[in-house]
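Undergrad: Structure here, sequence nowhere to be found:
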């Protein structure tokens, strides 16, 4: 016989978060028999969610910004690392002004809450939290990214960015604790579950596993990453839930050793090992270098004897995570950094001058110009670009399959995979960074065969079928920095107009005029691909 043991499976030992008080209203302590109950007016839930999602859409944590500055100060960082870090700090400075969100993909709103059993609201809390999220996306220059199914294959944009994902847990006490996230599709898609076995749990096997699997992450989710690796879990769902929270820094203050109750713990030794592996990968901050990751969290969980789930995930350069809480003293939200400019150096890092490309030349002349330069060449783009992403590509493929011609705009101009946020009054564009290139890979060969997509602009690595198509048809894939959507809108996009499929909203085909738009040659017309060499 053994004694019964129970403890909190995720014992967060302290909360060193700096909070700002939103209000003292909407909360009061009342007696329920001999028990004190904290009554929360549901309008307080609405206010908290609105404030949290507003702040996290335009501001980042101070610690995250400091890590970007550390890249600029590191003599081992490559020029590409510094170029990306500097752009991301500039982007944070623009976004903090509150008009252009840090990323055009303003994300799925996610709320994880722990509600004390002495909290009384008298309502469906998820509804009132959703009201607050709704308010933020209506009032601010954010993008509606949520697609709802009407039937198995018919879908529509909800037009509100709802529904949100809201998970509320019970706990002891009379406080209400929250973690809010705005999770973009790029980083959400880079969450992996690997069903492993006991054979993984040794130094040699774990090292080999990590070296192989970090390549699955690629660069399409906008590194440098905050990476989370979770080993174990009472279920696959528990493992992936821990991955998401760990990537947001929520489990930073777990214990560092296990016990017979099965408590979760951080393994600092393996965090350092995984960080070293990530640096040695030379993937870097998107275009080669040391800074594939800012940091790593490795969490160890209990497991069933026949199972060993392993989860891998990231929080990207749009590290949009923010805590909140409700206590008897009021409603609070985590204090994010209001002055990112303090992290910018007095002068920009020195870089070799980029090659300028006139996008208003005939397509054959643009291709000939690009063909003169090797992969990794940094470019400065000026002229006209067509913008199209998933649904537009699918519609054009349907046209080709029906025997209709490729639209001329797809043949005459480079295509930028992107979808903008709402345009602030008086500006030419809303936040307008690149989306993940890999989702369009299946279209490239067919489109290039018809003379379209000859120059593509987006973020992240691509499959060999794109390299092969570019080699066969003489095309190019240019990599744009993932992350600095606000500064691209402010400094590099001069004009935006819809040219096709207007009914698709942010998925419509647009024509934009760009100035000094930064990019790199990633895949060329000779069968070379930057990422294949890493």
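TA: Arrived safely, thanks for sending. Here the structure is a predicted model, which is why all the values come from computation and not from measurement.
Undergrad: how close does residue 281 sit to residue 21?
TA: 43 Å (Cβ to Cβ, to the nearest Å). Quick note: C-beta positions are derived from backbone N, CA and C, even for glycine.
Undergrad: Same question for residue 458.
TA: Residue 458 sits 42 Å away from residue 21, going by Cβ to Cβ.
Undergrad: what do you get for residue 52?
TA: Distance from residue 52 to residue 21, by Cβ to Cβ: 13 Å.
Undergrad: before we move on, back to that, who has more neighbours out of residue 458 and residue 21?
TA: residue 458 (26 against 11; other Cβ atoms under 10 Å).
Undergrad: just checking, the more buried one is part of a strand?
TA: Yes. According to DSSP: H, G, I helix; E, B strand; the rest coil, residue 458 belongs to a strand.
Undergrad: what residues are up against it?
TA: 416-418, 434-437, 440, 477, 479-480 (Cβ atoms under 8 Å, 6 or more residues apart in numbering).
Undergrad: Looking at these, which is nearest residue 104?
TA: The shortest approach to residue 104 among the contacts of residue 458 belongs to residue 418, at 6.8 Å (Cβ to Cβ).
Undergrad: residue contacts, the closest one?
TA: 104, 387, 389, 432-435, 458.
Undergrad: Try it again at 10 Å.
TA: 104-105, 385, 387-389, 431-435, 457-459, 480, 485, 488, 493, 506, 510, 512 (Cβ atoms under 10 Å, 6 or more residues apart in numbering).
Undergrad: And it, what's its pLDDT?
TA: At residue 418, the pLDDT value in this model is 91.
Undergrad: Okay, it and residue 348: tell me how far apart.
TA: Note on residue 418: its distance to residue 348, by Cβ to Cβ, is 25 Å.
Undergrad: Isn't residue 42 up against residue 130?
TA: No. The pair residue 42 / residue 130 is not scored as a contact, 11.2 Å apart, by Cβ atoms under 10 Å.
Undergrad: Of those two, give the one with the bigger neighbour count.
TA: Shown here are residue 42 and residue 130; by other Cβ under 10 Å, residue 130 has more neighbours (21 against 18).
Undergrad: all helices in the stretch 251-400 of the chain, in order from the N-terminus.
TA: 268-280, 363-370, 390-401 (DSSP state H, counting those that start in this stretch).
Undergrad: Out of those helices, the one nearest residue 344 is which?
TA: helix 268-280 (24.2 Å).
Undergrad: Now that closest one: buried residues?
TA: By 16 or more other Cβ atoms under 10 Å, the buried positions in helix 268-280 come out as 270-271, 273-275, 277-279.
Undergrad: cool, stretch 371-385 as well?
TA: 375, 377-383, 385.
Undergrad: what is the rounded mean pLDDT of it?
TA: On average, stretch 371-385 scores 95.
Undergrad: try stretch 439-448
TA: Stretch 439-448 shows a mean pLDDT of 96.
Undergrad: For the stretch 401-534 of the chain, just list every one of the helices.
TA: 408-412, 441-449, 464-473, 485-487.
Undergrad: As a markdown table, these with distance to residue 115 and mean neighbour count would be great.
TA: Output for the helices of the stretch 401-534 of the chain, formatted as a markdown table (distance: least, Cβ to Cβ, whole Å; neighbours: other Cβ atoms under 10 Å):
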| stretch | distance to residue 115 | mean neighbour count |
| --- | --- | --- |
| helix 408-412 | 51 | 16 |
| helix 441-449 | 43 | 19 |
| helix 464-473 | 47 | 19 |
| helix 485-487 | 34 | 28 |
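Undergrad: Kind regards, and thank you for your time.
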